[in-house]
Every structure is written in structure tokens, then in C-alpha cells.
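# After the sequence you'll find the predicted model.
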Amino acid sequence: MLEKKQSWLALFLFALVVALLVFLVQQIVPIWVYHGAYYIVLFFLLLTLLTQYLTQMGLKHAPDKFAFVYLGTMTLRLIISIGIILIVLLQDIPDKITFVINFAIVYLAFLIFEIYALLTTLRSNFQTRAENADKKQKNTP
């Protein structure tokens, strides 16, 4: 991921953009937006913060297990999200389909954001390692 402060700032800005998009869609076509859509965005903001924190803590203890730690937190996010959807579907609330569709769209948006941030970080780390390897080769006789 990005640097800790930088990634959290980017995450908060992304959540703000998603909330603004929810607001705009709600103004244009209110029937498409679940009445608690802002809570869905807040839920995913907090869930992403939790998974980023757990990933960073896991990497601090086992830096060579990045794939395992990252996929573990992604699995945790999926299980928690499925649990929330099941709880809501078992409740007697109106607009269940709208909730599930809004939940899925926001889930995918945050997932794409996190994967994009991860790929950006991995790409820059790979380039740094490649540059360091080139410098080592040039310095060796």
C-alpha cells in the first residue's frame, strides 16, 4: 500500500468522492439509492481502515508473507460483508434489493480502490528494487 498517512488520506478522499456520487445519484434518481447509503459508505470506510491496519500489522511481523496477509484481510472483508447482507436480508426492512445493489456497488468501488492502491505501491516498489539491482551490478567489477 501507500505510505500510511498518504494511504489513509487517499482513502478518506475516495470515501468523500463516493459519498458525493451517492448524493448526486440520489438527487437525479432517488429510487436507485437506499436511504441508508451513507451508512454503507461509512461502513466500508471503517472496514477498509480496519483491513489496512491489520495488513500493516501483519506485514510488520512477517514481511515475507505479504500475499497471505493481504488475501487473509480480503477474505475477512468478504465474510464480514456477506454477514451484513445476510443480517439485513433477514430483517423486515423495505427496499432489500436496493440495499443489496447499493452495498455491492460500494463494496466493488472500495475493492477496486484498494487493489489500485496496492498495484501502484507494488509497481513503485518493483521499480525501486530494479534500480537498486542495476546500481549493484554497475558497482561490481
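Noted; the coordinates are in hand.

# Next up, phi/psi of the spatially closest residue to Val88 that is not a sequence neighbour, please.
The shortest distance from Val88 to any residue other than its chain neighbours is 5.8 Å, reached at Phe99 (Cβ to Cβ, 6 or more residues apart in numbering). All C-beta atoms are positioned from the backbone trio N, CA, C, and that covers glycine. When read as degrees, to the nearest 10, the backbone of Phe99 gives phi -60, psi -50.

# I'd say Phe113 and Phe14 touch.
Yes. At 5.1 Å, Phe113 counts as touching Phe14 under the criterion of Cβ atoms under 8 Å.

# ok so, going back, ok, the residue nearest to Val88 to Ile115 distance?
For Phe99, the distance to Ile115 under the criterion Cβ to Cβ, to the nearest Å works out to 24 Å.

# Same check on Val17?
With the distance defined as Cβ to Cβ, Val17 ends up 17 Å from Ile115.

# cool, Val33 as well?
Remark: distance between Val33 and Ile115 (Cβ to Cβ) = 25 Å.

# what residue ranges in this structure score low on pLDDT?
Low-confidence segments of the chain, defined by pLDDT under 70, are located at 1-4, 121-141.

# Would you map the strands across it?
Per DSSP state E, the chain has no strands. Nothing in it meets that criterion.
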